[in-house]
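> fold the following.
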Amino acid sequence: MFLTESEQQISAEYQRQGYIIRPVADLSALLWIREQFICLIQDALELIPDEQPDVLLNTIHERVSSANLNAFRLKIIRGINSLDNFRSMYFRVAQPYLETLVGNELSMQLRVNLSIQLPGDDSSLLPIHADTWSGDSPFEVVVWLPLVDCYGRKAMYLLPPEPAAQLNQEFAQRAVASSEELYQAISHQVQWLKVKYGEVLIFNQSLPHGNRVNTEPETRWSMNCRFKGVFTPYGDKKIGEFFEPITLRAVSQAGMRYHLPKL
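Predicted structure coming up:
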């Protein structure tokens with residue numbers, strides 16, 4: 001292996017934990033992203049821009065009810081995904097980490113997802129699952145980017161690699177259980193991840209993960225987006241319909257255009 005020492009450290013941490021948490025690689029890109037969110041929120045709720053961004057985001061439950069949350073979330077996510085530079089900025093916050101863990105020829109999900117989890121709200125729960133259970137490629141990673149500090153039940157949980165491997169061995173027996181029964185059976189083994197604003201989480205989406213009711217006094221705002229190597233195997237989510245190449249290199253482009261002359 002010809003990886004540098006820092007690349008080996010990140011790689012070993014990812015293999016051991018199933019995730020890494022690091023400071024964003026491009027702070028200006030993160031600031032740009034949050035500024036766009038604030039503008040979209042102010043426009044959607046017809047607010048005067050007089051609050052600090054972290055206050056507005058953490059207390060959005062004072063302005064948006066659970067009944068109106070999904071419509072509000074869809075409006076915001078449509079707006080942010082329509083911005084020309086958004087996906088490029090999102091990539092920049094994690095670029096060196098992705099290039100170490102995944103490679104430098106990458107495919108990126110076409111649309112970034114948004115999660116808004118109000119305190120005490122059970123309408124936005126993500127039951128325990130692994131993305132590979134529904135046909136995703138095990139060669140994908142998820143880049144999870146919070147717009148606020150995420151801690152405790154305001155964050156997400158992940159089942160570490162060792163107990164996840166044990167669960168996979170017992171999957172045929174466990175599959176008859178409901179998702180809630182499955183969570184309760186392994187709840188003592190899951191790890192709740194603390195990710196501050198200004199940090200980025202990259203995790204192995206083949207490990208079981210999810211969230212629970214947010215029992216913290218603040219609203220969670222987080223985005224997630226899948227990345228994978230362009231030439232690694234695809235699952236149900238295909239290139240062109242779900243993924244798009246974003247860093248295809250010149251030699252690969254030349255090779256894809258090449259046709260052997262016929263005699």
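
> note down every partner strand of the longest strand anywhere in the chain and its orientation.
Using DSSP state E to define each element, the chain has its longest strand at strand 220-229. Note on strand 220-229: by DSSP bridges, its sheet partners are strand 106-109 (antiparallel), strand 113-117 (antiparallel), strand 140-146 (antiparallel).

> which of the ones you listed sits closest to N168?
Nearest to N168 among these is strand 140-146 (17.1 Å), distances taken as CB to CB. C-betas here are computed from N, CA, C, even on glycine.

> which residues are contacting the closest one?
24, 30, 33, 90, 93-94, 98, 101-102, 131, 156, 195-197, 199-205, 220-228, 235 (CB atoms under 8 Å, 6 or more residues apart in numbering).

> do that again at 6 Å, thanks
94, 102, 195, 197, 200-203, 205, 222-228 (CB atoms under 6 Å, 6 or more residues apart in numbering).

> same check on stretch 207-226?
18, 57-58, 60-61, 109, 112-119, 122, 126-128, 130, 140, 142-148, 150, 152-154, 156, 158-159, 164.

> mind checking the pLDDT average for it?
Stretch 207-226 shows a mean pLDDT of 98.

> measure it end to end?
14 Å (CA to CA, to the nearest Å).

> and the helix-or-strand element of the chain with minimal mean pLDDT, how far from the chain's centre?
Lowest on mean pLDDT, DSSP states H and E among the helices and strands of the chain sits helix 171-174, with a mean of 83. Helix 171-174 sits 27 Å away from the centroid of its parent chain (CA atoms, centre = their mean, to the nearest Å).

> would you turn the strands paired with strand 220-229 into TSV with distance to N68 and mean pLDDT?
Output for these, formatted as TSV (distance: least, CB to CB, whole Å; pLDDT from 0 to 100):
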stretch	distance to N68	mean pLDDT
strand 106-109	27	98
strand 113-117	11	98
strand 140-146	22	99
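
> ok so, going back, which of the residues in the least confident helix or strand of the chain are buried?
Counting neighbours by 16 or more other CB atoms under 10 Å, one finds that helix 171-174 has no buried residues.

> and the very next helix or strand once past that helix, what's buried?
Following helix 171-174 in sequence order, the next helix or strand is helix 179-186 (DSSP states H and E). Residues of helix 179-186 classed as buried: L182, Y183, I186 (neighbour count, 16+ other CB under 10 Å).

> just the residues contacting the helix or strand that comes right after helix 179-186, thanks.
In the C-terminal direction, the helix or strand that comes right after helix 179-186 (DSSP H and E) is strand 191-192. Contacts to strand 191-192, defined as CB under 6 Å, 6+ apart, come from residues A155, Y157, L158, P160.

> now render the strands paired with strand 220-229 as CSV, adding mean neighbour count and distance to H259.
Output for these, formatted as CSV (neighbours: other CB atoms under 10 Å; distance: least, CB to CB, whole Å):
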stretch, mean neighbour count, distance to H259
strand 106-109, 23, 24
strand 113-117, 20, 39
strand 140-146, 24, 31
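
> which of those strands sits closest to L260?
Nearest of the strands paired with strand 220-229 (CB to CB): strand 106-109, 26.2 Å.

> packing partners for the helix ranked longest in the chain?
What stands out as the longest helix in the chain, according to DSSP state H, is helix 27-45. Judged by 3 or more CB pairs under 6 Å, 6 or more residues apart in numbering; DSSP states H and E, the packing partners of helix 27-45 are helix 66-81, helix 86-92.
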